[in-house]
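Asks: Return a 3D structure for these sequence lines:
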Amino acid sequence: MVIIVKDGTKEERIRDLIQWIESQNLRTHVSTGDYSTIIGVIGDTSKLDEDLISGLDIVEGVKRVSEPFKSANRKFHPQDSIIEVGEEKLKVGHGNFAMIAGPCSVESEEQIISVARLQAPHLPLRLPGPEGRRHRAAAGGQAGDRPAHRHRDHERQPPAPV
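Replies: Numbers count the residues shown, from 1 in each chain. Here you go, the predicted structure:
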């Protein structure tokens, strides 16, 4: 990955970005020219969010120079993956067939209510807002009372602009 830093960016801000990249177990190579600085990122850059980096106010552009998804890409991992699933350790992959199915979206209110009633003891999540209250009431209040939260991985966030 190559990160092009905007002209006129303070050295401290560039150092902060480099430090954050290196904290992700990646190496950097910095090339400073007359009008711009380029940071070459060396290693498995698939763990870096290209959109997140390009959204930084000090970044002019981001270019990937290698294939994404190296863990799943046959160029980097030519062997078949075999994954064991469940208590029975059923194998998926390398000729072991598995079918995984389910609704792709909520097809009706009745469907979501029946799922909520079945899953309430196992996954007590609360849907926010008036819609959530309406669905909980229709499910007999069984949709749980623990709020659902989005997971945030603070260690993988770049430094905030100063």
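
Asks: What pLDDT is listed against residue 144?
Replies: Residue 144 is assigned 46 on the pLDDT scale.

Asks: next one: residue 64
Replies: Note on residue 64: pLDDT of 87.

Asks: shouldn't it be in contact with residue 50?
Replies: Yes: counting by Cβ atoms under 8 Å, residue 50 is a contact partner of residue 64 at 6.6 Å. To be clear about C-beta, it is placed using only N, CA and C from the backbone, and glycine gets the same treatment.

Asks: Give the residues shared as contacts by those two.
Replies: residue 1 (Cβ atoms under 8 Å, 6 or more residues apart in numbering).

Asks: and residue 29, how far is that from residue 18?
Replies: Residue 29 sits 10 Å away from residue 18, going by Cβ to Cβ, to the nearest Å.

Asks: could you point out which element follows the longest helix that the chain contains?
Replies: What stands out as the longest helix in the chain, according to DSSP state H, is helix 11-23. On the C-terminal side of helix 11-23, the closest following helix or strand by DSSP states H and E is strand 27-32.

Asks: immediately after that following strand, which helix or strand?
Replies: strand 37-42.

Asks: Name the next helix or strand downstream of that next one, please.
Replies: helix 50-54.

Asks: That following helix: which residues count as buried?
Replies: residue 53 (16 or more other Cβ atoms under 10 Å).

Asks: Give the other helices and strands that it contacts.
Replies: Judged by 3 or more Cβ pairs under 8 Å, 6 or more residues apart in numbering; DSSP states H and E, helix 50-54 is in contact with strand 59-63.

Asks: what do residue 29 and residue 18 both touch?
Replies: Counting by Cβ under 8 Å, 6+ apart, the residues touching both residue 29 and residue 18 are residue 39.

Asks: Between those two, point out the one with more neighbours.
Replies: Taking neighbours as other Cβ atoms under 10 Å, residue 29 and residue 18 compare with residue 18 leading, 19 against 11.

Asks: The more buried one touches residue 27, doesn't it?
Replies: No: counting by Cβ under 8 Å, residue 18 does not reach residue 27; the two are 10.0 Å apart.

Asks: shared neighbours of the two, which are they?
Replies: In contact with both residue 18 and residue 27: no residue, using Cβ under 8 Å, 6+ apart.
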